[in-house]
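J.: Here is my input, please return the structure:
(4 chains)
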2 protein chains.
Amino acid sequence: MKPKKREITIYDIASELNVSPSTVSRALKDHYSIGKEMIEAVKKVARERGYRPNHIAASLRKNKTNTIGVMISWINRPFISSMISGIEEEASNAGCNVIISQSHDSYDQEIANARALYNSRIGGLIVSLAMETRKYNHFSTFLDNDIPVVFVDRVSDELNCDKVVIDNFAAGLMATNHLIEQGCRRIAHVGGSQHRSIYKQRMMGYVEALQRNNIEVDESIIFSGDVLSAEEGYRITEHLMNLPNPPDAIFSANDTAAVSAIQYAKHHGIRVPQKLAVMGFNNDPISLIIDPTLSTVSHPAVDMGKIAARQVLKHREHKDIITTETITLKTEVIVRESTLRKRR
Amino acid sequence: MKPKKREITIYDIASELNVSPSTVSRALKDHYSIGKEMIEAVKKVARERGYRPNHIAASLRKNKTNTIGVMISWINRPFISSMISGIEEEASNAGCNVIISQSHDSYDQEIANARALYNSRIGGLIVSLAMETRKYNHFSTFLDNDIPVVFVDRVSDELNCDKVVIDNFAAGLMATNHLIEQGCRRIAHVGGSQHRSIYKQRMMGYVEALQRNNIEVDESIIFSGDVLSAEEGYRITEHLMNLPNPPDAIFSANDTAAVSAIQYAKHHGIRVPQKLAVMGFNNDPISLIIDPTLSTVSHPAVDMGKIAARQVLKHREHKDIITTETITLKTEVIVRESTLRKRR
DNA sequence: TATATTTACGCAATCGGTTGCGTCGAGCGA
DNA sequence: TCGCTCGACGCAACCGATTGCGTAAATATA
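T.: Numbering: from 1, shown residues only, chains lettered A, B, ... in the order given. Next comes the predicted model:
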């Protein structure tokens, strides 16, 4: 059992060098008004004595921490956890901590989490909205207090903040185009809540593709899932395939529901992709495991996380930035077996 | 744009009631030496004025935060992210934050993370060790400073801390027994690093099962993967199946490698489970998606996370606890298609 | 009634940095 | 030589809550 050695502080360094604590404080962060040699001397002593800056103290004084809050729906989903992985990497490289809170897709929980994070005096916030959320007042506290907020993936059009997204419209368009190219003519869509713009845009891309190809848009084969769970996907597929005029393809707004569609098809002897082509979204690991392998749309989760983190950090550095950016990452259709009807 | 209203503090409450800040501080946490009416009065004012306790200030004073650190290998793995989900739920219910850091299975990174978390003055720590880690000095700082440390899943026998685990030996035994019951006689094992006790114990359970059934233990079909990735699993399976005397079953210490085994088999026309039975571990989502569905061993990730969080919180409450517990959760073999050779 | 206890609360130091403002000496132009 | 600028650093007031110790008043004990 080691003796509990007292932490050494800037006061210790100050008295060792016979200077004031303020000088030490400034020297440690290369303040312009501190002389070159003084800075060196201070840092040398700090190193020798094993000085560890006390972030808590700094946070108290500045009333702002070096912690980045992350609000997401569920952590245990491939896209989300990968995104967080990216966030954590960038943040920890910059010496920031990441604290997470899950909304479980509940609006009320999201509000509670926002309050909790604000009370924790986070220095920045990264948000992927809950499925339910349609009002956004709970973020104004952060904006009013100059706490940078960056939205990722599930963003809101109503808020003027930095955003990191993919082009969901283009993605929906490309995905649907691919299905059409493969000869599908009656393409169903299983989307997410139309209040989440990402799902709306995917759907609009889908509609656009149909229209460009003079394919009738049939509302009766367009669905908006609640949370796009496996069960939901299965149920909707069941409904679709029992229609008098069932679709020859399903474009799902996530892989979970798409995989369910394939499984329904397998259980009922419907051949994929010959009878039913299935296109997913996200490129989750399961898309490579399912048989037939699932065609899907790439979703650069880790990169989106990294970029979101960088945006937050940038705003923390330069508080004078008053512009907001929307960063759009590239995405592409990944063609696999579940849609490949024609030889290439 | 709302005016930046100043936060109200215990001083505000104190002056409103003409008492001292210390009284307010104590009243807010029901200190025994504060009168009943005073406590009520203080809380009333606090409520009315919208007082929000400043955790930073408290942390500074107490030199300890209400933040729980979580050290894991990779966040974007089903077991880990589910575990974190459980941790986060329990912690946030108790008003604690959760900050995470990934080691990427690197020992050096784990040490760096431990330092960073210690510097962040976390109030508790939950650890699932990196695959590489074989020395544990980097945790003594926490123990020496009475910061509760709880290990989950990937624990160390060398440290006398609270642990939350499953009975890996029994699990390995049961899983292997099941394979034997299904008529397998030459069962290979794809394990993890034998320095991680969980993998060692799974392997020992496997060996025990063989011995109890008078099956020869053949070292040449027992492997210790590096990180048990899909690639590793595939490569090892390839090696195994090219042996002059290939196995009729593979017991893998995780689902990732097990799925790779199935995929290798499918690619090479080896029928599963008839020619090769495959047993996984973890009950990852993919185990239900792969065809044939993968038999595996349940791993109650969310519960393990919750319990680990509770242990940390318990130690924070009662600092007088000097005992350590090892909590073992129930686990069971989940029989699916990949091992089911006999009708039931 | 004088003394011992208890109850209920105040005082003031403390946690470790941060930062606006003040100061002091050196260098510089006129 | 006078006044001025500028570089380099110190002073001291914070930030908001916690806590050991002290004490006055109320109650109990002798």
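J.: Which parts of chain A are helices?
T.: Using DSSP state H, the helices of chain A run over A:10-17, A:21-28, A:36-49, A:55-62, A:78-93, A:107-119, A:140-144, A:168-181, A:197-212, A:230-241, A:255-267, A:286-289, A:301-317.
J.: out of those helices, which comes closest to B:N54?
T.: Of all the helices of chain A, helix A:55-62 sits nearest to B:N54, with 7.6 Å by CB to CB. For glycine as for every other residue, the C-beta is placed from the backbone atoms N, C-alpha and C.
J.: got the contact list for that closest one?
T.: Residues external to helix A:55-62 that are found in contact with it (CB atoms under 8 Å, 6 or more residues apart in numbering or on different chains): A:65-66, A:121, B:54, B:56-57, B:59-60, B:63, B:65, B:119-121.
J.: Write the PyMOL selection for whichever of these are buried.
T.: Of the contacts of helix A:55-62, the buried ones can be selected in PyMOL as follows, counting by 16 or more other CB atoms under 10 Å in any protein chain shown:
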select buried, (chain A and resi 65+66+121) or (chain B and resi 54+56+57+59+60+65+119+120+121)
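J.: need the least confident one among the helices of chain A, by mean pLDDT.
T.: Of all the helices of chain A, helix A:140-144 carries the lowest average pLDDT, namely a mean of 89.
J.: before we move on, the earlier item: tabulate the helices of chain A (TSV), appending distance to DNA strand C.
T.: Putting these into TSV (distance: least, CB to the nearest atom of the strand, whole Å) gives the following:
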stretch	distance to DNA strand C
helix A:10-17	4
helix A:21-28	3
helix A:36-49	9
helix A:55-62	3
helix A:78-93	18
helix A:107-119	18
helix A:140-144	19
helix A:168-181	40
helix A:197-212	37
helix A:230-241	48
helix A:255-267	45
helix A:286-289	46
helix A:301-317	12
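J.: Which pLDDT value does the model give the most centrally placed residue in chain A?
T.: Nearest to the mean C-alpha position of chain A, by CA atoms, centre = their mean, lies A:V152 at 4.2 Å. Note on A:V152: pLDDT of 98.
J.: What does the pLDDT read for the closest residue to A:K314 other than its chain neighbours?
T.: In space, and not counting its chain neighbours, A:K314 is closest to A:I321: 7.0 Å by CB to CB, 6 or more residues apart in numbering or on different chains. We note a pLDDT of 75 for A:I321 in this prediction.
J.: A:I321 and A:V312 touch, don't they?
T.: No: between A:I321 and A:V312 there is no contact under CB atoms under 8 Å: 11.4 Å.
J.: More neighbours: those two, which one.
T.: Neighbours per residue, other CB atoms under 10 Å in any protein chain shown: of A:I321 and A:V312, the larger number sits with A:V312, 28 against 14.
J.: thought the residue nearest to the centre of chain A was touching A:L129?
T.: No: assessed by CB under 8 Å, A:V152 is found out of contact with A:L129, at 9.3 Å.
J.: how about the residues of the stretch 51-200 of chain A that lie near chain B?
T.: For the stretch 51-200 of chain A, the residues in contact with chain B (CB under 8 Å from any CB of the partner chain) are A:52-57, A:59-60, A:63, A:65, A:67, A:74-78, A:80-82, A:84-85, A:88-89, A:92, A:95, A:97-102, A:113, A:116, A:119-121, A:140, A:144-145.
J.: Could you identify the buried members of those residues?
T.: By neighbour count, with 16+ other CB under 10 Å, those hold A:54-57, A:59-60, A:65, A:67, A:74-78, A:80-82, A:84-85, A:88-89, A:92, A:97-102, A:113, A:116, A:119-121 as buried.
J.: now the spatially closest residue to A:V127 that is not a sequence neighbour: how far from DNA strand C?
T.: Counting by CB to CB, 6+ apart, A:M71 is the residue found nearest to A:V127 once chain neighbours are left out, at 4.6 Å. Distance of A:M71 to DNA strand C, given as CB to the nearest atom of the strand, to the nearest Å: 26 Å.
J.: and the gap between A:M71 and A:K64?
T.: From A:M71 across to A:K64, the span is 18 Å (CB to CB, to the nearest Å).
J.: ok, now A:R115?
T.: From A:R115 over to A:K64 the distance is 17 Å, taken as CB to CB.
J.: Tell me which of these two has more neighbours.
T.: A:K64 (18 against 13).
J.: A:G123 is in contact with that one, correct?
T.: Yes: A:K64 lies in contact with A:G123 (CB under 8 Å); the separation is 5.0 Å.
J.: Which neighbours do the two have in common?
T.: With CB under 8 Å, 6+ apart as the test, A:K64 and A:G123 both reach A:I147.
J.: got a list of what whatever residue of the stretch 151-300 of chain A ends up closest to DNA strand D touches?
T.: With CB to the nearest atom of the strand, the shortest gap between the stretch 151-300 of chain A and DNA strand D falls at A:C161, namely 25.7 Å. Applying CB under 8 Å, 6+ apart, we find A:C161 in contact with A:F139, A:L143, A:V149, A:V150, A:F151, A:T324.
J.: coming back round to it: correct me, but the residue nearest to A:V127 touches A:S101?
T.: Yes: at 5.7 Å, A:M71 counts as touching A:S101 under the criterion of CB under 8 Å.
J.: what is in contact with those two at once?
T.: A:N113, A:L117.
J.: Out of the contacts of A:C161, give me the one that has the most neighbours.
T.: For those, the largest number of neighbours (other CB under 10 Å) sits with A:V150, at 27 neighbours.
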